[in-house]
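Visitor: Sequence and predicted structure below; questions after.
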Amino acid sequence: MTLKQIYSWLGIIVAVVVLGLFVATSWYTVDESEQAVLITFGEAEDGTTEPGLHFKLPWPIQTVETLSKETFSLNFGYDPEKEEQANIVRMITGDENILQADLVVQWKIIDPSKYLFNSDNPQQVLYNATSASLRSIIGSSTIDEALTDGKAEIENEVLDLLVSLMEDYEVGIAIQDVKLQEVDLPNEEVRQAFMKVTDARETMNTKKNEADKYRNEIYEEALGEKDAIISRAEGDKIERIETARGNVAGFNALYDAYQDSPEITRQRLVLETLDEVLPDANIYIMNDEGNTIKYLPLGQNGTTSMIPPVTNSAEEDENTSKEGEAETNDREQ
């Protein structure tokens, strides 16, 4: 073969290779479970390619990067494939206790161009953000919250913080969910010590509740006694006010009677006072002449005894009897 023929065959071969590359790299397919980004001279175009058959400029002008749409899982603190590393992640709680926490993060790629070009290792960025979020939330929580009924709240706070961090990092990753797998104390010795502290705390709470119950009982009794005393005092006040009003009314009536009959009222007051001061005494009222007269009802034991006047004259007896009746009438008035 001549040199000219050799060059001709080489040209044909090069043309066939170039044509083959053109044909082979000018089309691509995207599956339903995939998303593709078209790269022109190393720069990613906006958006993603829909599933199906697509054409592009041949390599090296344009290339295609295909990524999965599925949801991935990141195991933080525990990896089923590396069980020997299950207890290596430990953190300090807000009340200065140590515990270990295992977390699973569900994530997916939502922006392939950012995922490919904004970070050399987006998954490592996600891992570091997960570690920072979990340690931050655990560090602001108490050990009781982390071990008991505070797990759901911790999960929500970790999710919110992790979503915020990944949005700031702009690596094309969206967080779907986070789940705490296990939150536990680091070893058996610490567990035993923690159980003792927990039992002591429960005993303290029980005693405190009993003391509060006793205090409430005493307090309620004191309130009841206070109300009873106030009620009695109010009753006494009303009684004294009514008594005073009655005394005022009686005094006014006595004053009116005194204005009408001063002498009779004065004698009646003297006799009533003697009756009150000397309720069991026999009272004898003597007239000016030294004779004893009868006065009702001042006899012994509520009876009236007849005491004859010391005189020999019938006229004096009659006068004395009339004077006694007059005194009786005055008292009844």
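Guide: Cool, the structure landed.

Visitor: mind listing the helices for the stretch 151-300 of the chain?
Guide: 151-169, 188-260, 262-277 (DSSP state H, counting those that start in this stretch).

Visitor: In terms of mean pLDDT, which of those helices ranks lowest?
Guide: Ranked by mean pLDDT, the helices of the stretch 151-300 of the chain bottom out at helix 262-277, with a mean of 84.

Visitor: Could you tell me which residues within that helix count as buried?
Guide: Using 16 or more other Cβ atoms under 10 Å as the test for burial, helix 262-277 gives Thr265, Arg268, Leu271. All C-beta atoms are positioned from the backbone trio N, CA, C, and that covers glycine.

Visitor: roughly how far out does stretch 215-226 sit from the chain middle?
Guide: 24 Å (Cα atoms, centre = their mean, to the nearest Å).

Visitor: cool, stretch 152-160 as well?
Guide: On Cα atoms, centre = their mean, the centre of stretch 152-160 falls 22 Å from that of its chain.

Visitor: Pull the residues that contact it.
Guide: Where contact means Cβ atoms under 8 Å, 6 or more residues apart in numbering, the residues beyond stretch 152-160 that reach it are 103, 133-134, 137-138, 141, 145-146, 175, 177-180.

Visitor: Counting neighbours, which bits of that stretch end up buried?
Guide: Ile154, Glu155, Glu157, Val158, Leu159.

Visitor: could you redo the residues you listed as JSON lines and give each row distance to Phe194?
Guide: Output for the buried residues of stretch 152-160, formatted as JSON lines (distance: Cβ to Cβ, whole Å):
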{"residue": "Ile154", "distance to Phe194": "18"}
{"residue": "Glu155", "distance to Phe194": "22"}
{"residue": "Glu157", "distance to Phe194": "23"}
{"residue": "Val158", "distance to Phe194": "23"}
{"residue": "Leu159", "distance to Phe194": "27"}
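
Visitor: wouldn't Arg266 be in contact with Leu254 here?
Guide: No. In this structure, Arg266 is not within contact of Leu254 by Cβ atoms under 8 Å, at 10.8 Å.

Visitor: From the contacts of stretch 152-160, list the buried ones, please.
Guide: Buried among those by 16+ other Cβ under 10 Å: Leu103, Ser133, Leu134, Ile137, Ile138, Ser141, Glu145, Ala146, Ile175, Val178, Leu180.

Visitor: With respect to burial, which of the helices of the stretch 151-300 of the chain scores highest?
Guide: helix 151-169 (a mean of 17; mean count of other Cβ atoms under 10 Å).

Visitor: how near is Gln123 to Leu134?
Guide: Gln123 sits 16 Å away from Leu134, taking Cβ to Cβ, to the nearest Å as the criterion.

Visitor: likewise Leu185?
Guide: Taking Cβ to Cβ, one finds Leu185 at 17 Å from Leu134.

Visitor: which one among the buried residues of stretch 152-160 gets closest to Asn205?
Guide: Checking these against Asn205 with Cβ to Cβ, the nearest one is Ile154 at 23.0 Å.

Visitor: shared neighbours, Arg266 and Leu254?
Guide: Common neighbours of Arg266 and Leu254 (Cβ under 8 Å, 6+ apart) do not exist.

Visitor: quick revisit: of the helices of the stretch 151-300 of the chain, which approaches Leu67 most closely?
Guide: Leu67 lies closest, by Cβ to Cβ, to one member of these: helix 151-169, at 16.4 Å.

Visitor: next one: the closest one to chain centre, how far?
Guide: Using Cα atoms, centre = their mean, the offset of helix 151-169 from its chain centre is 26 Å.

Visitor: on that earlier part again, how about the buried ones among the contacts of stretch 152-160 in CSV, adding distance to Glu167 and pLDDT?
Guide: Formatted as CSV, those follow (distance: Cβ to Cβ, whole Å; pLDDT from 0 to 100):
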residue, distance to Glu167, pLDDT
Leu103, 19, 89
Ser133, 13, 93
Leu134, 18, 92
Ile137, 17, 92
Ile138, 22, 91
Ser141, 24, 88
Glu145, 27, 84
Ala146, 26, 85
Ile175, 9, 94
Val178, 15, 93
Leu180, 22, 88
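
Visitor: now the residues you listed in a markdown table, with secondary structure?
Guide: Output for the buried ones among the contacts of stretch 152-160, formatted as a markdown table (DSSP: H, G, I helix; E, B strand; the rest coil):
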| residue | secondary structure |
| --- | --- |
| Leu103 | strand |
| Ser133 | helix |
| Leu134 | helix |
| Ile137 | helix |
| Ile138 | helix |
| Ser141 | coil |
| Glu145 | helix |
| Ala146 | helix |
| Ile175 | strand |
| Val178 | strand |
| Leu180 | strand |
